[in-house]
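*Asks:* next one to model:
(chains A and B)
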Protein chains: 2
Amino acid sequence: MYRTHNCGVLNLSNRGEKVILSGWVHKSRDLGGMTFIDLRDRYGKTQLVFNMETNPELCSKARKLGREYVIRAEGMVVERSNKNPNMPTGDIEIIVESLDVLNKSQLPPFTIEDDTDGGDELRMKYRYLDLRREPVKHNIIHRHRVAQETRKYLDSQGFIEIETPVLIKSTPEGARDFVVPSRVHPGSFYALPQSPQIFKQLLMISGFDKYFQIVRCFRDEDLRADRQPEFTQIDCEMSFVERDDVLDAFEGLAVYLFKAIKNYDIKESFPRITYDQAVSEYGTDKPDIRFGMKIGDITGKVKGSGFNVFDNSEYTGGIVATGCAAYSRKDLDGMTDFVKRPQIGAGGLVYVKYNEDGSFKSSVDKFFSPEDLKGLTDLMDARPGDLILILSGERTQTLYALSELRLEMGDRLGLRDKEQFKPLWIVDFPLLEWDDETQRYYAMHHPFTSPKTEDLHMLESDPGKVRANSYDLVINGVEIGGGSIRIHDAEIQKKMLRVLGFTDEEANSQFGFLMNAFRYGAPPHGGIAFGFDRWVALFAGSETIRDFIAFPKNNAGRDVMIDSPSKISDDQLNELNLQLIRKGI
Amino acid sequence: MYRTHNCGVLNLSNRGEKVILSGWVHKSRDLGGMTFIDLRDRYGKTQLVFNMETNPELCSKARKLGREYVIRAEGMVVERSNKNPNMPTGDIEIIVESLDVLNKSQLPPFTIEDDTDGGDELRMKYRYLDLRREPVKHNIIHRHRVAQETRKYLDSQGFIEIETPVLIKSTPEGARDFVVPSRVHPGSFYALPQSPQIFKQLLMISGFDKYFQIVRCFRDEDLRADRQPEFTQIDCEMSFVERDDVLDAFEGLAVYLFKAIKNYDIKESFPRITYDQAVSEYGTDKPDIRFGMKIGDITGKVKGSGFNVFDNSEYTGGIVATGCAAYSRKDLDGMTDFVKRPQIGAGGLVYVKYNEDGSFKSSVDKFFSPEDLKGLTDLMDARPGDLILILSGERTQTLYALSELRLEMGDRLGLRDKEQFKPLWIVDFPLLEWDDETQRYYAMHHPFTSPKTEDLHMLESDPGKVRANSYDLVINGVEIGGGSIRIHDAEIQKKMLRVLGFTDEEANSQFGFLMNAFRYGAPPHGGIAFGFDRWVALFAGSETIRDFIAFPKNNAGRDVMIDSPSKISDDQLNELNLQLIRKGI
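*Replies:* Numbers count the residues shown, from 1 in each chain, chains lettered A, B, ... in the order given. So this is what the prediction gives:
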């Protein structure tokens, strides 16, 4: 028998018991005639004691144990004289009577501590050792807990988890598919799903009514920081629903999870604002509403002042930084540098200080009288002591820059409290995006998203104006999930694919089975998908999804631990009827 | 609003309520001046009533609805005069006041009934319609239930569900991998996992202690009936365990699931018998122990009788068919034909009738005196009225044939009760299998299975004799899962790979990271994996796993609904740095 107890449970109630523990040597200390070992396992740490005087042979054996050795120890639970209130087992220790080394360990390449000395690359290579560290271990267990609670809740609401296939069919729409050559059908390929979208719609047509799945998805994207080629989704779909039925259902899930996972109460229902409103008030479709500081459109107010920049700009807008009128020249230069960074891209920053004494000081004093500025501060609801920061330029780009500036000011003013969660729904996204390069429309969500009924008449005449019956859940500035009411009419689907540039033949070869399915009694339906990795990270107050994946790939899509992807043998290639293209020969 | 209730909940307590229902037109009947429609959804069926006299317009509209139309109906719940006790909603009907057609339907290619007129191919092509049928829908919901309960139980036992990667690395051992070409790393490939074996072992080295996952696995096998290229496994691993700890833990899971899913009590602990015992008593390592009829080895008893077949055979064995002494010539000829079928492969069948009156009649009377036969029946524990069936030949093959004969007799005698479940563990499998063709040993389970400690000394000197510390769970003759205690010592793992014909270099390039991991404090560990598709089918009394997969592939590995695998574009191939080999040009 390897153990009677784990390393996290013994306490004073076990005093006098003979126990067996197994685990890893976390730390070892020799103090005078005594040796103390912290024995570690998943559940905690327990102090083992060896006495050179009473049992010199055993104590000498203990002194030879290295860090991370795996041992089994038998002994007696006794009360500690020197208690450690920071450990659940801190009131006791084990007087060891016998000791077995179950496995030795080389010295790990980094310390197994909360703050390790190991760099990122090294820890990824030895991920199995990195996972021994308390914070990483905790993330993985936390992920398990979120998955369990998600399933529990959705099951209780009548959702059925249905597994959809991983070996499916490549479609040219959207991101690139990973493909899997078929050996049995030479020259043919499966594809890995970017999402189970079509299958969940078919399940609605089958009548399953409420479906969910926590499911792996795959996207062969170009490399970006913190993107994984495989990621996990909470994928959901419902029949006979309108938009608000879906939002209500998943607001329920979010509220439940915040309570179950973080014991965090969300009492107010989530605001539901349109994409247009989000962009004009926050400069983004992912607003962080933990704080106000909404963007004010002052284009009309400032045009014609003689200030070139304002006069020639499509859009001028600003935010009010409460109580920042006393910002120094240096502070303001810092803000200017911030907005001029290439990833933000503003040309410059205009400020208006509304001083405590009611006077104004601005970088555009030459063009605006104090009365003009008073009118401006009134329009923006600023008060004495506040600072107005203004950007000007092309509308979309300026709003984006204002959104970044707003977040930066939120950070500086400590308004983005990590312990606070403010979810909201963004609805009515544009259905389509025009791409200048390929001179065609792309679906903003995907080609199965339903246009809003009232915009349907413009689908062919003015597709760029059509709004989608779609929605995103955003929490603290992070998009957690998104979805839509789907098209369930074969004719509308056909039209939609035509707008996306599919010939009827292409549409038929790619999505024929779905459009065919629509002809056999497709119910109205809609759904949503959540980025599970992101959900899990958000609950833990982090934005780095890689920390919540047991075996993540690096930013180059490589698993450096197992060294994958890697070469395969010529025999394997041959069997698959494939050969590498030799370039440059 | 599409509905106030679903189609399975209304009853007399709702009498007089105004309700809205949505669903599919299941059946429609015109009787005199009335039209009755069974409206169907996932939850049940509800009868809608239309009256030509009181509302001719609406009734005419209803008469135009075709099968599988999707409709929305508003009306009043009333008590039925003609109640249907077979339906939960059979006491009521809805007097419809308004009706909307949400979607039309073409006539389905087969009837949406429990016993459909659709053939297998047609139903697979229109799987989304097949899934509407009650038995198929029920299978999928049942699968969900088994998954939920499995997770609930394992979570309650401290197991953590951890997602392991799907894009991993190809290894040449075992079945063929599906591979995934990398675009970002041209010429390199990921592979899809045949199981998360190595990752779960690494998780034990990480200290997660108890892991599970319900996980998709992939195997590029040649085609066989009822094999799927992708399948689902309940994958589990535990640390600091010996064999019986693992068996106890998963016996717990099995007992829990039988109770939770089928309300079936298993009170006795599962028998644990060795592979050798299973093969000699049942002729198979997957014995159905719902009935006895063990195989008796009578080689010693019958050798030297002068009967050529017995005298020259390595092995002679038989089974006792209780109460079958009165079998006719025709019955016995039928049994003989059965064992001579090519897939069973026996040369012939010898019988001994132990008549009710104590006399004997056998096909080998010429060579055996009544006293000889008495001795034989005594040895085999036969009684007057019983029939002994005997096969003779090469031992392994004869035992296999006896095993098939035993199952056939079990079926004929009605001893294989579908409502009864008799699990048992088979332990101590051979570690290795010799393959004549490639002249090398293969791991019977996989290369990470630990030899039994007492056999370890033979690993290099006499590998064929080494038993594995492995186990299978068998229920009613079906292997439901299997696993082993793993090697956790780098040196033994190295030896094992050497025995399997790996050079140290190959071993290092394929499994180097695992053997390296063993050097940093690997705990003793072991685990098990269950075929989830098979589990689910077993609970439902079926052996056809395809019926329990929402979107299965056919026996050629094709999804005929979405038409996959399929061609991909030359651009896609080019991006992957691949080209097809053009054969015969």
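*Asks:* so where do the strands sit in the stretch 301-450 of chain A?
*Replies:* Using DSSP state E, counting those that start in this stretch, the strands found in the stretch 301-450 of chain A span residues A:315-321, A:350-354, A:360-362, A:387-393, A:423-427, A:432-435, A:440-443.
*Asks:* and the stretch 1-150 of chain A, by the same measure?
*Replies:* Remark: strands assigned in the stretch 1-150 of chain A by DSSP E, counting those that start in this stretch are A:18-31, A:34-41, A:44-51, A:70-79, A:92-103.
*Asks:* a markdown table for these, including distance to A:His446?
*Replies:* (Glycine included, C-beta is placed from N, CA and C.) Formatted as a markdown table, the strands of the stretch 1-150 of chain A follow (distance: least, C-beta to C-beta, whole Å):
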| stretch | distance to A:His446 |
| --- | --- |
| strand A:18-31 | 47 |
| strand A:34-41 | 46 |
| strand A:44-51 | 47 |
| strand A:70-79 | 50 |
| strand A:92-103 | 50 |
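*Asks:* which of the ones you listed sits closest to A:Leu424?
*Replies:* Between A:Leu424 and those, the shortest gap by C-beta to C-beta is with strand A:44-51, which sits at 39.8 Å.
*Asks:* and that closest one, C-alpha only, in PDB?
*Replies:* The C-alpha trace of strand A:44-51 is given here as PDB (Å, rounded to 0.1, in the frame of the first residue of the first chain):
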ATOM      1  CA  GLY A  44      -0.900  19.600   0.100                       C
ATOM      2  CA  LYS A  45       2.300  19.300   2.100                       C
ATOM      3  CA  THR A  46       3.000  17.400   5.300                       C
ATOM      4  CA  GLN A  47       6.100  17.700   7.400                       C
ATOM      5  CA  LEU A  48       8.100  14.600   8.000                       C
ATOM      6  CA  VAL A  49      10.600  14.400  10.900                       C
ATOM      7  CA  PHE A  50      13.700  12.300  11.200                       C
ATOM      8  CA  ASN A  51      15.900  12.300  14.400                       C
END
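*Asks:* ok now that strand, how far from the chain's centre?
*Replies:* Counting by C-alpha atoms, centre = their mean, to the nearest Å, strand A:44-51 is centred 40 Å from the centre of its parent chain.
*Asks:* contact partners of the longest helix anywhere in chain A?
*Replies:* When chain A is parsed with DSSP state H, its longest helix is helix A:134-156. Residues from elsewhere that reach helix A:134-156, judged by C-beta atoms under 8 Å, 6 or more residues apart in numbering or on different chains: A:42, A:114, A:130-131, A:161, A:212, A:214, A:234, A:236, A:252-253, A:256-257, A:260-261, A:532, A:535-536, A:539-540, A:547-548, A:550, B:144, B:148, B:151, B:155, B:160-163, B:206-208.
*Asks:* return the set of buried residues in that helix.
*Replies:* A:136-137, A:139-140, A:142-155 (16 or more other C-beta atoms under 10 Å in any protein chain shown).
*Asks:* about what we covered before: adding distance to B:Gly393, write the strands of the stretch 301-450 of chain A out as CSV.
*Replies:* Output for the strands of the stretch 301-450 of chain A, formatted as CSV (distance: least, C-beta to C-beta, whole Å):
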stretch, distance to B:Gly393
strand A:315-321, 90
strand A:350-354, 98
strand A:360-362, 103
strand A:387-393, 90
strand A:423-427, 72
strand A:432-435, 73
strand A:440-443, 67
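*Asks:* and those: which comes nearest chain B?
*Replies:* strand A:440-443 (16.5 Å; C-beta to the nearest C-beta).
*Asks:* now the element after the closest one, going C-ward?
*Replies:* Downstream of strand A:440-443, the next assigned helix or strand under DSSP states H and E is strand A:470-475.
*Asks:* wouldn't A:Val352 be in contact with A:Thr377 here?
*Replies:* Yes: between A:Val352 and A:Thr377 there is a contact under C-beta atoms under 8 Å: 6.9 Å.
*Asks:* more crowded one of those two?
*Replies:* A:Val352 (25 against 21; other C-beta atoms under 10 Å in any protein chain shown).
*Asks:* from B:Gly557, how far off is the more buried one?
*Replies:* 69 Å (C-beta to C-beta, to the nearest Å).
*Asks:* re the thing from before, now the common contact residues for A:Val352 and A:Thr377.
*Replies:* A:Phe360, A:Ile388.
*Asks:* which residues touch A:Asp297?
*Replies:* Applying C-beta under 8 Å, 6+ apart, the residues contacting A:Asp297 are A:Ser280, A:Tyr315, A:Thr316, A:Gly317.
*Asks:* could you report the neighbour count for A:Glu251?
*Replies:* 18.
*Asks:* now the strands of the stretch 1-150 of chain A in CSV, with mean pLDDT and mean neighbour count?
*Replies:* Shown next, in CSV, are those (pLDDT from 0 to 100; neighbours: other C-beta atoms under 10 Å in any protein chain shown):
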stretch, mean pLDDT, mean neighbour count
strand A:18-31, 96, 18
strand A:34-41, 97, 21
strand A:44-51, 97, 22
strand A:70-79, 98, 20
strand A:92-103, 98, 19
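*Asks:* would you turn the ones you listed into CSV with distance to chain B?
*Replies:* Shown next, in CSV, are the strands of the stretch 1-150 of chain A (distance: least, C-beta to the nearest C-beta, whole Å):
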stretch, distance to chain B
strand A:18-31, 5
strand A:34-41, 6
strand A:44-51, 11
strand A:70-79, 5
strand A:92-103, 5
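*Asks:* among the ones you listed, which is nearest B:Gly323?
*Replies:* Here strand A:18-31 is closest among the strands of the stretch 1-150 of chain A (C-beta to C-beta), at 54.0 Å.
*Asks:* now that closest one - C-alpha only, CSV.
*Replies:* C-alpha atoms of strand A:18-31 as CSV (Å, rounded to 0.1, in the frame of the first residue of the first chain):
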residue,chain,number,x,y,z
LYS,A,18,0.1,5.3,12.3
VAL,A,19,0.0,6.6,8.7
ILE,A,20,1.6,6.0,5.3
LEU,A,21,2.2,8.9,3.0
SER,A,22,3.6,9.1,-0.5
GLY,A,23,4.7,12.1,-2.5
TRP,A,24,7.5,14.3,-3.6
VAL,A,25,10.3,15.7,-1.5
HIS,A,26,9.5,19.4,-1.8
LYS,A,27,12.0,20.8,0.7
SER,A,28,14.5,19.3,3.1
ARG,A,29,16.1,21.1,6.1
ASP,A,30,18.7,19.7,8.5
LEU,A,31,18.5,21.5,11.9
